[in-house]
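> Give me a 3D structure for the following:
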Amino acid sequence: YHTARSMQVVGVHSGYWFYTVGQRGGVKLPGGPWYVTAKDMTQNVVYVSRSYYDADKRRDAFVCGPFNWLSELRPQRHRPLFVKVRHGPNMAHCHLHLGPQQAILSMVTDVLGSPAAAGSTADGATSTPLIPQWQQQGFSSSLSTAEAVSLQDQDLHGMVVLSENDQGLAAGQYAVFYQDGVCLGSAQMLGTVFR
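Predicted structure coming up:
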């Protein structure tokens, strides 16, 4: 285990695959409670924190892809879009920024200064809002429907910014998108963007 803020080693675990981001139970460390904040699967590191659910920690953005569209319908730029990130009736209003995978990852890197997906950075890296900076830097807030349809589906990825905090976002979950009560499709979360 490494602490999320200081990156200090605080213990040993049995393998990252036994843990889920947001998990509290099963983190066998003294002085808890401890929460899993991120995982680095290439290094077998589980990042933990005692204050995972603090109100000042923004967990309202993630990168996802590739998309699996259910029909020719794509999100319309000027209409409300909703996303479900877990089973149940709750949906969150969101903004979806579509583009080729490398463009989306570059956008996150340019805004935050380093890759910012769960498992590659600690939580709470910065508190800078993403969307205003993207607009200031000249990034388009989303592709038009025609532009999105013209991209190869296997290369279409997205940056999703939720209208509210969701402490349970984790890589590997699926995000399912709805507009006007119609399910448009889904994409796998590749990582949470810590802001």
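
> how deep is residue 79 tucked in, by neighbour count?
8 (other C-beta atoms under 10 Å). No exception for glycine: its C-beta is placed from N, CA and C like everyone else's.

> Residue 182 too?
Neighbour tally, residue 182, other C-beta under 10 Å: 10.

> Surely it is in contact with residue 73?
Yes. Using C-beta atoms under 8 Å, residue 182 makes contact with residue 73 at a distance of 6.7 Å.

> relative to its centroid, which residue of the protein is most remote?
Note on the chain: the largest separation between a C-alpha and the mean C-alpha position, by C-alpha atoms, centre = their mean, falls on residue 30 (29.3 Å).

> Is that residue part of a helix or strand, or is it coil?
coil (DSSP: H, G, I helix; E, B strand; the rest coil).

> which residues does it contact?
By C-beta atoms under 8 Å, 6 or more residues apart in numbering, no residues touch residue 30.

> need the longest helix for this structure.
helix 101-112 (DSSP state H).

> For that one, C-alpha coordinates in PDB please.
C-alpha atoms of helix 101-112 as PDB (Å, rounded to 0.1, in the frame of the first residue of the first chain):
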ATOM      1  CA  GLN A 101      -8.100   8.300 -28.000                       C
ATOM      2  CA  GLN A 102      -4.800  10.200 -28.300                       C
ATOM      3  CA  ALA A 103      -6.500  13.600 -28.600                       C
ATOM      4  CA  ILE A 104      -8.600  12.900 -25.400                       C
ATOM      5  CA  LEU A 105      -5.600  11.700 -23.400                       C
ATOM      6  CA  SER A 106      -3.500  14.700 -24.700                       C
ATOM      7  CA  MET A 107      -6.300  17.100 -23.700                       C
ATOM      8  CA  VAL A 108      -6.200  15.700 -20.100                       C
ATOM      9  CA  THR A 109      -2.400  15.900 -20.000                       C
ATOM     10  CA  ASP A 110      -2.300  19.400 -21.400                       C
ATOM     11  CA  VAL A 111      -4.800  20.700 -18.900                       C
ATOM     12  CA  LEU A 112      -3.400  18.900 -15.800                       C
END
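
> by contact count, what packs against it?
If you count contacts as 3 or more C-beta pairs under 8 Å, 6 or more residues apart in numbering; DSSP states H and E, helix 101-112 packs onto strand 61-69, strand 92-100, helix 130-136, strand 156-162.

> Please work out which of those is packed deepest.
Looking across the helices and strands packed on helix 101-112 with neighbours counted as mean count of other C-beta atoms under 10 Å, the highest average goes to strand 156-162: a mean of 23.

> what does that one rub up against?
Strand 156-162 has contacts (C-beta under 8 Å, 6+ apart) with 60-67, 83, 92-101, 104-105, 107-108, 130-131, 148, 175, 187, 190, 193.

> so what strands line up beside the longest strand seen in the chain?
The longest strand of the chain (DSSP state E) is strand 182-192. Using DSSP bridges, strand 182-192 pairs in its sheet with strand 61-69 (antiparallel), strand 174-179 (antiparallel).
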